[in-house]
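Engineer: Need a 3D model of the following:
(chains A and B)
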There are 2 protein chains.
Amino acid sequence: VLVRKLTTIPSADIRMSYLYPWDGVVHTPFGSAWGVVAPGQTSRHHMHHEAETFFIARGRGLVTSNGEAREVDSETVIYFPPFTTHTLTNLSDTEDLLFLTVWWEDPALHRSRLGVGDGAAATVPETSAIPAAPRSRQRTLVITAPLTPNGDLHLGHLSGPYLGADIYTRYLRLRHVEANHATGADDYQSYVVFNADRTGSTPAQVAAHHAEEVRASFRAAEIAYDQFLRAEESQHYAKVMTNLVRRLVEAGHAEVQEAPCPYCEHCERFLFEAYVSGTCPHCGEGTGGSMCEGCGRPNEGFDLIDPVCNRCRRPPVLRPLPRLFFPMARHAEALREHLARASMPTRLRALCERILADGLPTIALSRIADGGWGIPVPVPGLEDQVLTTWFELGPAMMVQAELLGESHGWRAEDRDILSGDLRVVNFFGFDNSFFYALLVPALFLAAWPDRLPPATFVSNEFYRLDGLKFSTSRNHAIWVGEYLSRTPPDLVRFYLCLTRPEREQTSFTESEFRETVRRELGLWQTWLHQLGGRLRRSFDGIAQEPGFWTPEQRDFYRELQVTVEEVAQAYEPETFSLRRAARLLCEMVRRAYDFGNGEVHWETVERRRNELRTSLALELAAARALSLLAAPILPRFSTELWRGLGNETSLQENGWEEVPAWVPPNTRIDLDREYFAFPG
Amino acid sequence: VLVRKLTTIPSADIRMSYLYPWDGVVHTPFGSAWGVVAPGQTSRHHMHHEAETFFIARGRGLVTSNGEAREVDSETVIYFPPFTTHTLTNLSDTEDLLFLTVWWEDPALHRSRLGVGDGAAATVPETSAIPAAPRSRQRTLVITAPLTPNGDLHLGHLSGPYLGADIYTRYLRLRHVEANHATGADDYQSYVVFNADRTGSTPAQVAAHHAEEVRASFRAAEIAYDQFLRAEESQHYAKVMTNLVRRLVEAGHAEVQEAPCPYCEHCERFLFEAYVSGTCPHCGEGTGGSMCEGCGRPNEGFDLIDPVCNRCRRPPVLRPLPRLFFPMARHAEALREHLARASMPTRLRALCERILADGLPTIALSRIADGGWGIPVPVPGLEDQVLTTWFELGPAMMVQAELLGESHGWRAEDRDILSGDLRVVNFFGFDNSFFYALLVPALFLAAWPDRLPPATFVSNEFYRLDGLKFSTSRNHAIWVGEYLSRTPPDLVRFYLCLTRPEREQTSFTESEFRETVRRELGLWQTWLHQLGGRLRRSFDGIAQEPGFWTPEQRDFYRELQVTVEEVAQAYEPETFSLRRAARLLCEMVRRAYDFGNGEVHWETVERRRNELRTSLALELAAARALSLLAAPILPRFSTELWRGLGNETSLQENGWEEVPAWVPPNTRIDLDREYFAFPG
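Structural biologist: Sure thing, here's the model as predicted:
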């Protein structure tokens, strides 16, 4: 008999003593362990690919799994199918909860791995034991990070939140989900003041001018939005901000503290945000005040290494200054819970958890006003200060919902972004990570502890130009307004999708852009023209009902179904990837092009008109699917194609099709269009 | 009440009177018709995406569906699920069989199309209502068209049957299916004689020299074969040929006929095959004797338009010549049945059906011998003649099976290519279509009416070089031996797959080759190096067990599963597409590369080691899957990668994995290799 002493290791907020497999002794087809949850504690949300069962040996607990909660004790047995998230809470305040857990891989996985060479025809394994996650059909408010109105929009900006949100909103609407895209300009950014300061105009003039420029750029790039919020233009704006500050102060969550602040003795002013730069105390890269673009972590100005005044390039001194501060640390637990149910890219989640592990900072919510530009802080003693624009982010979302609700006639409860009923999806660049994923929810949770802050985040990395950072000052940039006035938006949108900086920095190169769109979209056009020609030759350009099927046709249809599902998955925010969506569309067309080149030969066999009908019906179904699947990315192309397919109702009215549908028989088809005007 | 007179139209070998939907009156959600099968007749094999039911109103029939046969009459109801092939035979010799048929689309298709916008979370529809076709696990003999040993092998040859068969055989072996690739040289081709004639050597010398050259080229390109058959070297060869001729003659299926034959009065010889060219009587393109490369149809020499002697370029006259002929027309019915169960690309099937519809030709099986080169015709009066090499094709397959059986110790019945137990898969270029798909089965069916000739055909179109036809005479060619001596075979094989002329003529371009392999395979290498680096940084290069999972990880795993299945489908002969297989592999790597770029950030969060383990385990599973999936195409790369993943058993021994498997935990991983040496 073999006996060993158990070692206990902490795992997912509980103590685990692993039993089997027993290294060097026996390799069991299951794993098992004793687990202990301390009084009042909860194991961390997690899921895994193994099935798992719990046997409670001692104590009483609460199991939650995929949203459902059940009390459990030693008389219950608990089973978790693969990929269900679960937690176990110890309901006792005094006693440990002790449980035995056993987990194992689905034996079907093993069987299917062995199912070869048995001499007979083998059946193909069921597609994906793993179902795709369910998809939200809630009313959705898509919010993009407000643009700082101190310059024009370049391709780098466009490739990130704005294209992403526009495409996502178009996708939801195709699915007949009520979705709105709200964006805007953060007029009160210190960069606007800094710009006005340098150019000798007023912040209001700078903001108004550039906000208009941005709107024109959005139009040129066909970035649709339902609301463009400017603080300066909104009656709600200041009210909502002030209300939140008051709640925080009253609850003791925001307080006036005196803290050191960089002060430039030459310019005779405190330096915030746009006015100061230095070395990031966290990652050692160069950074501006407030937020490091490199590592995504905030700074407080005074903690910058080798700070310098951005006006006179001289080093500042530190002077004490009372400001309104928000100590985030006390909301750590609430934030952890919030993050557990939130959806976000891995880099963002990792950043949040790292900051949580290091300890949450205390964040200044106010700064000295420049000429009264900004929202005054409604706190005695800070009459000379305004709220920071980072503070504005959260309440600005409330304003967005309120204004949209007004114009759409929504009921009051439907305008509430903390209700969980109105789904808010935030699109922003990585440099906004801390604010959207930690500061905004922390402020909301502090003010309204039982509410549900927005929890769906789609962030992106930086886009480069010819391998270098876009730079307004060095004019190393491609300006959206100018560029899109001579390049069709579909082409640019498509290429930005293909090269979008989703998980790493990527780069735009003009020559590669031209070559890629010509190669990829050129094939789309060729295929559609050939399909139109074939249909004209055999059936006077009239769509046919499918007739008899060949195995090759069946396989094409099967692949088409898979593609529709995969593209949908790439548009969902939890797995949002326009790179993948665009690539899947290209592969779909390549496949259809190859298919058509084979099927064309049915034309030569009189007896096989039935199969010819099927192949043309399938190609038309693929063209129809392409029109729908590509619509969020290439709206002009899709509308043209949709019309060419003889549809009377609009593409939007028809809506998304989960399963590729037939083009109705007897429809007159006209695919002979120039879908794309290639540059150069 | 509305009444109309039914009109009867022939469809799939039966008479149909369509009832519903009734145009202009009512659009029913089902279709229906009266059908009549005449005495002794059978409806044509077909399948469709609708479900269907038959009610027999009068008569008695035999229903076959997916290989199963059942007697049916008015007391039975017959249901065909979507995509089942079926026929109905009237068992009576005198009475019509009358039946009512009703068909409808699966309503689930409609429901899923409507399942949008219902305000709640919608579940994702089940992937593909259409299952992939079952896959054969039978012992398989892969046979490639014999090469004419009158010149070296160029990339055009390689891209077609030889690369296809090599990759397919490797795939089957990975699945632990017993598979052999048999190829060879058709020594007795008239082109060999013509070549010897011109160069002043003997046919035997020409054949031996070029056969050796071809084998060296195969080695250079890593085209593996288990047998290289040369008529000259085989003891069985002549015996099997002679045996088949005797059977045909005895059964009255082959007979001596006198027919006009082109005769060159200047060269004083009858002109066959290599010796004559002219205009194809079917398509009007230029062609050699016997077979038109343009339209795939045979000619008989005498029917060429404007024929010319290939030696002296003078027009021949026609002279009567007795030869052995095979009238194919009487085997039309048997061939139709054979084709119904055969698998082949659409262009090939269309060609077969067109020839069947036009009437099958009578084909000469013998020609005048040149210096005794060839198999003598064992028929009195034809002592000066030999068998045509096209006749040799079928019996040569028997020789291949016999010889392989001998060396592998197979039982006699396992060496029988007509038994249906040994699966024969033929790979050939489009110009061989008529012979493989019609002549060979017709000869077999004539000699052994109840046997099953090979019925799985993978044909390809022509490959071009810089847009023009490969041409030995103009030296517009890339020679395999020379080219592969300075370019790694993996790169060439990969690019030939991506651009393979599967359904249309495609073209090789050196610059595009270099650019494409560098872009695509360069990313494979980058991803693997990054993965190795990440694993080293976090776990000393040791593979980990998956821990807790995030939704993004689950989705990656799901996509990986789908990819494995799609690649398998692309390797199956019924849906064979190396273009698609290669593209799927590239997309898999792009997806893994993006995934890795996101997941790397778990490194920075101590609390998330569990998720970091999962992401690395998933990337390693993807690398393992890549190694297996790519093995048939890039054998060197796959072996390198497989080793780098720390496997002790060989890739072949391990075999295909239907579901991506984990790299065993605690394995030491080393991915830091130069997998590809890019040219230029």
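Engineer: So for residue A:116, what's the pLDDT?
Structural biologist: We note a pLDDT of 31 for residue A:116 in this prediction.
Engineer: mind listing the strands for the stretch 551-680 of chain A?
Structural biologist: In the stretch 551-680 of chain A, no strands are defined using DSSP state E, counting those that start in this stretch.
Engineer: So what's the gap between stretch A:434-446 and the chain middle?
Structural biologist: 17 Å (CA atoms, centre = their mean, to the nearest Å).
Engineer: Stretch A:17-27 too?
Structural biologist: Averaging C-alpha positions (CA atoms, centre = their mean) puts stretch A:17-27 41 Å from its chain's average.
Engineer: Next: stretch A:78-95.
Structural biologist: The chain centre lies 29 Å from the centre of stretch A:78-95; the measure is CA atoms, centre = their mean.
Engineer: Quickly check: that stretch near chain B or not.
Structural biologist: Yes: with CB under 8 Å from any CB of the partner chain as the criterion, chain B is reached by stretch A:78-95 at residue A:83. Where you see a C-beta, it was placed from the backbone N, CA and C, and this is true even at glycine.
Engineer: what about that stretch, start to end distance?
Structural biologist: Stretch A:78-95 has its terminal residues 21 Å apart, counting by CA to CA, to the nearest Å.
Engineer: residues making contact with the strand or helix carrying residue A:142?
Structural biologist: Applying DSSP states H and E as the criterion places residue A:142 in strand A:140-144. Outside of strand A:140-144, the residues within contact range by CB atoms under 8 Å, 6 or more residues apart in numbering or on different chains are A:161-162, A:164-165, A:168-169, A:172, A:177-183, A:225, A:397, A:400-401, A:404, A:417, A:422-428, A:454.
Engineer: Please apply the same query to stretch A:239-257.
Structural biologist: A:322-327, A:330-331, A:362, A:365, A:375, A:377-379, A:381-382, A:387, A:391-392, A:394-396, A:398-399, A:402, A:443, A:446-448.
Engineer: Now, of those residues, which are buried?
Structural biologist: For the contacts of stretch A:239-257, a burial check counting by 16 or more other CB atoms under 10 Å in any protein chain shown picks out A:323-327, A:331, A:365, A:375, A:377-379, A:382, A:387, A:391-392, A:394-396, A:398-399, A:402, A:443, A:446-447.
Engineer: so which of those residues also contact chain B?
Structural biologist: Okay, of these, nothing touches chain B (CB under 8 Å from any CB).
Engineer: follow-up on the earlier one: now the element after the strand holding residue A:142, going C-ward?
Structural biologist: That would be, after strand A:140-144 and using DSSP H and E, helix A:155-157.
Engineer: what about the helix or strand just after that following helix, distance to the chain center?
Structural biologist: Beyond helix A:155-157 in the direction of the C-terminus, DSSP H and E gives the next helix or strand as helix A:163-174. Averaging C-alpha positions (CA atoms, centre = their mean) puts helix A:163-174 11 Å from its chain's average.
Engineer: which helices and strands sit right next to helix A:163-174?
Structural biologist: Applying 3 or more CB pairs under 8 Å, 6 or more residues apart in numbering or on different chains; DSSP states H and E, one finds that helix A:163-174 contacts strand A:140-144, strand A:179-185, strand A:423-429, strand A:456-460, helix A:489-498, helix A:551-571, helix A:578-599, helix A:651-654.
Engineer: Report the inter-axis angle for it versus helix A:489-498.
Structural biologist: Angle of helix A:163-174 versus helix A:489-498, following axes from the mean of the first three to the mean of the last three CA atoms, to 10 degrees, is 110 degrees.
Engineer: how about helix A:163-174: buried residues?
Structural biologist: Buried residues in helix A:163-174, counted by 16+ other CB under 10 Å: A:163, A:164, A:165, A:166, A:167, A:168, A:169, A:170, A:171, A:172, A:173, A:174.
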